[in-house]
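K.L.:
Requesting a structural model of the entry that follows:
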Amino acid sequence: MSHTPSRRAVLRGVAGTGAAVIGFDPGARSWAAGESGAGGRLAKVPDLDGTLVMDDASLDAASDDYGHIVHRRPVAVLRPGSVRDVVAMVRFCGAHRLPVAPRGQGHATQGQAQVEGGLVVETATLADIGPMGPHSTTVTVGAGARWSEVARATLAHGLTPPVFTDYLELSVGGTLSAGGFGGMTHRHGAQVDNVTALHVVTGAGELTRCSPTRHPDLFHAVLAGLGQCAVIVGAELRLVRAPQTVRHYLLPYDDLETFLDDQRLLVEEGRFAYVEGQVAADAGGVFRVPTLEAASYGPPAGPPPDDAVLLRGLRHNASGVQRTDRPYYDFLDRIAPSVEALKQAGLWTYAHPWLNLLLPGRHVAAVAGELLDALSPADVGPGIVLVYPVLRERLTTPLLRAPDDPVPHLFAVLRTTPPQDTATVDRLLAANRSAYEAAAAVGGTQYPVGSVPFTRADWRTHFGSAWPRLAAAKRTYDPRGILVPGQGIF
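P.N.:
Numbering: from 1, shown residues only. Okay, the predicted model is just below:
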């Protein structure tokens, strides 16, 4: 360990009728636990294959995330050397009522994977990718594997997961806890809809493999379940044939309504493998400049792209079309240069009070138009605004809540603002809440990876008819309620 034997962290919480006092003594590798005012007892930390660290740098990192808005400091960070370590420490923390939160790449925006005075489990060390061959239909991967690593490994066999988020450096466990939307979702659903089985450690410390036919209540409570019932340690992912090349189009539009209509047409027809879109500000600062982004997969996943067929009947501005042919992985990882530029400019460490909503297709033009009209370039900063449709029938995961509409649209304002300007951050959080209320009024939902202030009552409304099953699974699989309190659900 990097800390000295004299270092001691103390957690004060509630256990039974008294205030529990849990202290870790690194030198003795033990925790002192007892009731305040009563005699303490010494509890030995389990033997681990990995490391349990408490140095300031590790705790500081675990008390921050990509949002750079919320800061909750744990007392220790587990870097597991095995799944056994996760089992041992979850059981230990359960026995002492210590909260636990898994952390993948730390890309949450509002402290969702942080935990005050408890244990953060860094899953990055659980990144194994199982064997496969050219005819494999699934692959088993560790929760800490990044999607970029999964893509490279599967492409070596001519295979690919069907759906990727736009940013590939997220962990498998992280996106499966939330949903995992991308431009392929209109064809294949979200990433959670393409999982055949999970390997999890429940809040009771039980290592379990679950699937649609084996412990289905747990399986459906973990996918898009925001970490409330179990820690994902591995996943079995569906694979499909990968293309070698992709034809990528950027189609500019002159008005929002035509852009939205053409997007809907494309996803209903299934004309492209990938459909997204962005809205930028015009010279006057008004967000009414849409660009439709689409991609067609070439052999062996699809026929050679034909521009005349693919673009037939679309009403974009033909003079501004951009078309690029590129290798499949380069297409998946196309935003990597922009991310590197943000990091070089210091903007990656800015606050990110993101807004992520799912709007009913029948109301998207009115609600998105109103929200866009209220935006200013200063509200977005060097971020972007995304708008794109999915097909509701492809979304089959119960806890991934979406509007009751055949073609919902993801509407995301990926804001970036200086973190020290707390007044602006607070204003944008309030704007996110107002936007959510406008969406909810017409049947919209939050996609819960952003920064929308939510109460427990809001969460019950969010999960709707799925709430009783989630609450029952929480009682069954996390009976002491130690998992992921940062979500604020229970």
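K.L.:
which residues touch the residue nearest the centre of the chain?
P.N.:
For the chain, the residue nearest the mean C-alpha position is Thr175 (3.8 Å; CA atoms, centre = their mean). Neighbour list for Thr175: 147, 165, 191 [criterion: CB atoms under 8 Å, 6 or more residues apart in numbering]. Heads up, the C-betas are built off the backbone N, CA and C, glycines and all.
K.L.:
same deal with Cys210?
P.N.:
Contacts of Cys210 (CB under 8 Å, 6+ apart): 197-198, 200, 216, 218-219, 222.
K.L.:
how does it look with 10 Å?
P.N.:
By CB atoms under 10 Å, 6 or more residues apart in numbering, the contact list for Cys210 reads 197-200, 202, 216-223, 230, 477.
K.L.:
same question, Pro131
P.N.:
139-140, 153, 157.
K.L.:
ranking those residues by neighbours, who comes first?
P.N.:
Ranked by neighbour count under the definition other CB atoms under 10 Å, the contacts of Pro131 are headed by Val139 with 22 neighbours.
K.L.:
With just CA atoms, put the biggest helix by length in the chain into CSV.
P.N.:
Assignment by DSSP state H gives helix 422-440 as the longest helix of the chain. Extracted in CSV, the C-alpha atoms of helix 422-440 (Å, rounded to 0.1, in the frame of the first residue of the first chain):
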residue,chain,number,x,y,z
THR,A,422,-20.6,27.4,-9.3
ALA,A,423,-23.4,30.0,-10.0
THR,A,424,-23.5,28.9,-13.6
VAL,A,425,-23.4,25.2,-12.7
ASP,A,426,-26.3,25.7,-10.3
ARG,A,427,-28.2,27.7,-13.0
LEU,A,428,-27.7,24.9,-15.5
LEU,A,429,-28.7,22.2,-13.1
ALA,A,430,-31.9,24.2,-12.5
ALA,A,431,-32.4,24.5,-16.2
ASN,A,432,-32.0,20.7,-16.5
ARG,A,433,-34.7,20.2,-14.0
SER,A,434,-37.1,22.5,-15.8
ALA,A,435,-36.3,20.7,-19.1
TYR,A,436,-37.1,17.4,-17.5
GLU,A,437,-40.4,18.7,-16.1
ALA,A,438,-41.3,19.9,-19.6
ALA,A,439,-40.4,16.5,-21.0
ALA,A,440,-42.3,14.6,-18.3
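K.L.:
for it, what is the average pLDDT?
P.N.:
For helix 422-440, mean pLDDT rounds to 98.
K.L.:
Now do that helix: distance to the chain's middle.
P.N.:
Relative to the centre of its chain, helix 422-440 is centred 20 Å away, using CA atoms, centre = their mean, to the nearest Å.
K.L.:
Pairing partners for the helix or strand following that helix, with directions?
P.N.:
Next in sequence after helix 422-440, counting helices and strands by DSSP states H and E, comes strand 445-446. Paired strands of strand 445-446, with direction, are strand 355-359 (antiparallel) (DSSP bridges).
K.L.:
Dump the strand it pairs with to CSV, keeping only the CA atoms.
P.N.:
Extracted in CSV, the C-alpha atoms of strand 355-359 (Å, rounded to 0.1, in the frame of the first residue of the first chain):
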residue,chain,number,x,y,z
LEU,A,355,-29.1,16.9,-19.7
ASN,A,356,-30.2,13.6,-21.2
LEU,A,357,-33.9,13.1,-22.0
LEU,A,358,-36.0,10.7,-24.1
LEU,A,359,-38.9,12.6,-25.8
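K.L.:
burial count for the residue nearest to Arg238 when sequence neighbours are not counted?
P.N.:
Closest residue in space to Arg238, ignoring its immediate chain neighbours: Asn194 at 4.4 Å, by CB to CB, 6 or more residues apart in numbering. Residue neighbour count, defined by other CB under 10 Å, stands at 23 for Asn194.
K.L.:
now Asn194: how far from Ile69?
P.N.:
Distance, Asn194 to Ile69, using CB to CB, to the nearest Å: 31 Å.
K.L.:
Then Gly270?
P.N.:
From Gly270 to Ile69 the distance is 39 Å (CB to CB).
K.L.:
Keep only those of the contacts of Cys210 that are in helices.
P.N.:
Judged by DSSP H, the contacts of Cys210 include 216-222, 477 as members of helices.
K.L.:
could you dump the residues you listed to CSV with distance to Glu122 and neighbour count?
P.N.:
Below are the ones in helices among the contacts of Cys210 laid out as CSV (distance: CB to CB, whole Å; neighbours: other CB atoms under 10 Å):
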residue, distance to Glu122, neighbour count
Pro216, 29, 11
Asp217, 28, 15
Leu218, 23, 23
Phe219, 24, 24
His220, 26, 22
Ala221, 23, 28
Val222, 19, 30
Tyr477, 22, 25
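K.L.:
Specify which member of those is nearest to Gln114.
P.N.:
Nearest to Gln114 among these: Val222, at 19.9 Å, using CB to CB.
K.L.:
correct me, but that closest one touches Gly234?
P.N.:
No. The pair Val222 / Gly234 is not scored as a contact, 11.6 Å apart, by CB atoms under 10 Å.
K.L.:
Mutual contacts of the two, please.
P.N.:
With CB under 10 Å, 6+ apart as the test, Val222 and Gly234 both reach 173, 198, 200.
K.L.:
if we can go back for a sec, which of the contacts of Cys210 sits closest to Tyr274?
P.N.:
Using CB to CB, the contacts of Cys210 come closest to Tyr274 at Leu223, 22.6 Å.
K.L.:
any idea how far Ala466 is from that closest one?
P.N.:
11 Å.
K.L.:
shared neighbours of the two, anything?
P.N.:
Residues touching both Leu223 and Ala466 by CB under 10 Å, 6+ apart: 397-400.
K.L.:
mind giving me a markdown table with these and columns for pLDDT?
P.N.:
Shown next, in a markdown table, are the shared contacts of Leu223 and Ala466 (pLDDT from 0 to 100):
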| residue | pLDDT |
| --- | --- |
| Thr397 | 98 |
| Pro398 | 98 |
| Leu399 | 98 |
| Leu400 | 98 |
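K.L.:
now, the most widely separated pair of those?
P.N.:
Pro398 and Leu400 (7.4 Å).
K.L.:
can you give me the mean pLDDT across stretch 313-325?
P.N.:
97.
K.L.:
follow-up on the earlier one: just to be sure, the residue nearest to the centre of the chain is in a helix?
P.N.:
Yes. Counting by DSSP: H, G, I helix; E, B strand; the rest coil, Thr175 is part of a helix.
K.L.:
low pLDDT regions in this protein?
P.N.:
1-43 (pLDDT under 70).
K.L.:
any idea how it splits into domains?
P.N.:
Domain assignment of the chain by automatic domain parsing yields the ranges 9-124, 138-241, 245-461.
K.L.:
and of the contacts of Thr175, the nearest to Ala473?
P.N.:
Gln191 (20.4 Å).
K.L.:
just checking, the closest one touches Ser171?
P.N.:
No. Using CB under 10 Å, Gln191 makes no contact with Ser171, being 11.4 Å away.
K.L.:
joint contacts of those two?
P.N.:
Common neighbours of Gln191 and Ser171, using CB under 10 Å, 6+ apart, are Trp147.
K.L.:
How many residues are close by the closest residue to Ala439 other than its chain neighbours?
P.N.:
Excluding its sequence neighbours, the residue lying closest to Ala439 (CB to CB, 6+ apart) is Leu357, at 4.7 Å. The local packing of Leu357 (other CB under 10 Å) involves 27 other residues.
K.L.:
Okay, and the beta partners of Leu357?
P.N.:
Bridge pairing for Leu357 (DSSP bridges) gives the partners Phe411, Gln446.
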